[in-house]
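Novice: With the input below, show me the fold.
(chains A and B)
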Number of protein chains: 2
Amino acid sequence: MTKLTSIALMIASMFSISTSYASEPIEVIKPAVITNPEKVELGKMLFFEPRLSMSGHISCNSCHNLSLGGVDALPTSVGHNWQEGPINSPTVLNADYMLAQFWDGRAADLKEQAGGPINNPKEMGYTHELAVDTIRSMPAYIARFKGVYGSNDINIDRITDAIAVFEKTLVTPNSPFDKYLEGDQKAISAEALAGYQLFKSKGCVSCHNGPAVGGTMYMKMGLVKPFHTNNPAEGRKGVTGKEADKFVFKVPTLRNIELTYPYFHDGSVWGLEEAVNTMADIQLGQKMSSEEISQMVEFLKTLTGEQPQIVLPVLPPSNNNTPRPVPFTKG
Amino acid sequence: MTKLTSIALMIASMFSISTSYASEPIEVIKPAVITNPEKVELGKMLFFEPRLSMSGHISCNSCHNLSLGGVDALPTSVGHNWQEGPINSPTVLNADYMLAQFWDGRAADLKEQAGGPINNPKEMGYTHELAVDTIRSMPAYIARFKGVYGSNDINIDRITDAIAVFEKTLVTPNSPFDKYLEGDQKAISAEALAGYQLFKSKGCVSCHNGPAVGGTMYMKMGLVKPFHTNNPAEGRKGVTGKEADKFVFKVPTLRNIELTYPYFHDGSVWGLEEAVNTMADIQLGQKMSSEEISQMVEFLKTLTGEQPQIVLPVLPPSNNNTPRPVPFTKG
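Specialist: Down below sits the predicted model:
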């Protein structure tokens, strides 16, 4: 037995005994408390704003589609000029529960994350300066920023702040599993409950814990056996520069996991059964029976919560001062 | 004076005298009457469904964005693999008032239109068969089709029917101009009213009439003087085969025209001022003063109505039976 396997099993044993609700390693997701509805509305407009991209075609919602569990349901995303993104787009749902943003945690929080895709040449392909000029050109946006921030000043700091505040409202409470945690024993099936027991006893919960059932720590992908992928991402190593952080990624949330296929940072696995099997194998060195996998999948499906109800924003029109989108580069 | 100019002026004179509401050439847009909310909801889901495209990235809403007046606000659209679309995407708002669909009227109605982009290689790039297989793979869709159509059968006819029924609800009533038409003299400014008088006296209304202020007829683009464009579209000629129909297009709606830039079938003009000036010049052989153009633009802005309030649909998850999207063709 390798040292890593024994650590994994040791951690697993810490969670395998308790079954009382008070000490469950997964916590209830609470509904969003909105204290500044005007800022949330502004952030929602910006989240759906394709004019934050060079092409005028890509918005935050393109890759974090709120009709599809906050993802694009593609292995990697379609970016500016149909460039292929480097990594699977993580869900924006419950993302504020993550200890940091992006798979490698290079952004401290949602606000810092929001600025990234806008000026990433492979994603929205714009510049922060042009994005600000675009928003600043529209009187309706100026009025909203003034109402929310107290002055006319529109800058990337305020734009990403508003987007982040909107994203913080994107939580998915009242899943069957939350109801179970709150004492409703009938909220989940016997099969799902058996899956949850396995989730704890097999050691999954050593990484996937907390309200988001993930997002509380970093972990090596391929802890016990190597993960085979063509994806060149090296995870935390790119942030810390440490060789020990190679292939170490933020543990993804399992909330709404039924909706957020395909799985893993390379988006290589489409089915939950295969994803569970692979995780048990390469992270925990365990072999699961097909019955156990079915039970685990049934449990995972109980983590699908109420999706945010989003009224599509109506965006103000461009005018002669608005930078024009450049969807196609003329030859 | 050319024969066409004299016809244009003759038509114009027919509309230039009356100012009583009863005989106005523009009619009020009525709010949508929804008789089958389940079908509308299903159609909305399909309208926002990116899995109707080969890439899994493009939905109806990509080019007919309901946050942006039912258009993508680009000269021509971004299609599968970032291909450049052949023509400016017309607004889906009030589209059921059009005598036919597409700029060249090649689709009789919204239902026929809805099938076009799905299997157009330059648009959604899919096949009707795979689109049907995709929708049919999801139990939640099967249940909805059964509820709406009385049987489990899912086919392209029902898919496009549901989309069309949703689109029929996308009307924009209660614009300032509608309120004016209904007797509220203060609903529009004196400048806008002067613009409306010009709209009638100059002859614009000879083509732009009816509830949608357009969409009731076909007309040659470049009636009096040629329209210069690099766009190869030939309009109705492609449908009828007649040389006389070259450059004859469906007259676009002017409802929400402030939102549906850039203008003309080639999307070459971004500003309403320039669009008005060009139309007066090449369609009516008239020169308008800058004051007249300002008045006309003020009138046109009064045609912006209440935008449909859309609650973003939550789409059911794919499963092992769902055809997988192919966003990128591997080399």
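Novice: from memory A:Ala108 sits against A:Phe102, does it?
Specialist: No: in this structure, A:Ala108 is not within contact of A:Phe102 by C-beta atoms under 8 Å, at 10.2 Å. All C-beta spots, glycine's among them, are computed from the backbone N, C-alpha and C.
Novice: Give me the more crowded residue out of the two.
Specialist: A:Phe102 (18 against 11; other C-beta atoms under 10 Å in any protein chain shown).
Novice: Report the contact partners of that one.
Specialist: Applying C-beta atoms under 8 Å, 6 or more residues apart in numbering or on different chains to A:Phe102 gives the contacts A:Pro90, A:Gln113, A:Gly116, A:Lys250.
Novice: If we use 7 Å, what do you get?
Specialist: Under the criterion of C-beta atoms under 7 Å, 6 or more residues apart in numbering or on different chains, the neighbours of A:Phe102 are A:Gln113.
Novice: Tell me who's in contact with the residue of the stretch 51-200 of chain A found nearest chain B.
Specialist: Among the residues of the stretch 51-200 of chain A, A:Trp82 lies closest to chain B, at 3.6 Å counting by C-beta to the nearest C-beta. Each residue near A:Trp82 by C-beta under 7 Å, 6+ apart is listed here: B:Asn81, B:Trp82.
Novice: tell me the pLDDT at it?
Specialist: With respect to pLDDT, A:Trp82 has a value of 97.
Novice: Please apply the same query to the one 10 residues further on.
Specialist: Per-residue confidence (pLDDT) for A:Val92: 98.
Novice: do the same with A:Thr329
Specialist: Reported pLDDT for A:Thr329: 84.
Novice: Give me the nearest residue to it, chain neighbours excluded.
Specialist: The shortest distance from A:Thr329 to any residue other than its chain neighbours is 7.7 Å, reached at A:Asn81 (C-beta to C-beta, 6 or more residues apart in numbering or on different chains).
Novice: Could you report the neighbour count for the nearest residue to A:Gly69 once chain neighbours are set aside?
Specialist: Excluding the flanking residues, the one nearest A:Gly69 by C-beta to C-beta, 6+ apart is A:Leu259, at 2.8 Å. Residues contacting A:Leu259 under the criterion other C-beta under 10 Å number 25.
Novice: Equivalent analysis for the one 5 residues further on, please.
Specialist: In terms of burial, A:Phe264 registers 20 neighbours under the definition other C-beta under 10 Å.
Novice: so who does it touch?
Specialist: Residues near A:Phe264 by C-beta under 7 Å, 6+ apart: A:Asn88.
Novice: Can you tell me how far it is from A:Gly271?
Specialist: Separation of A:Phe264 from A:Gly271 (C-beta to C-beta, to the nearest Å) stands at 12 Å.
Novice: List, one by one, the residues from the stretch 1-150 of chain A near chain B.
Specialist: Contact residues (C-beta under 7 Å from any C-beta of the partner chain) of the stretch 1-150 of chain A with chain B: A:48, A:55-57, A:66-68, A:72-74, A:78, A:81-82, A:84.
Novice: just the buried members of the residues you listed?
Specialist: Burial by neighbour count, judged by 16 or more other C-beta atoms under 10 Å in any protein chain shown, picks out A:48, A:55-57, A:66-68, A:72-74, A:78, A:81-82 from those.
Novice: need these in JSON lines with secondary structure, can you?
Specialist: Shown next, in JSON lines, are those (DSSP: H, G, I helix; E, B strand; the rest coil):
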{"residue": "A:Phe48", "secondary structure": "coil"}
{"residue": "A:Ser55", "secondary structure": "coil"}
{"residue": "A:Gly56", "secondary structure": "coil"}
{"residue": "A:His57", "secondary structure": "coil"}
{"residue": "A:Leu66", "secondary structure": "coil"}
{"residue": "A:Ser67", "secondary structure": "coil"}
{"residue": "A:Leu68", "secondary structure": "coil"}
{"residue": "A:Asp72", "secondary structure": "coil"}
{"residue": "A:Ala73", "secondary structure": "coil"}
{"residue": "A:Leu74", "secondary structure": "coil"}
{"residue": "A:Val78", "secondary structure": "strand"}
{"residue": "A:Asn81", "secondary structure": "helix"}
{"residue": "A:Trp82", "secondary structure": "helix"}
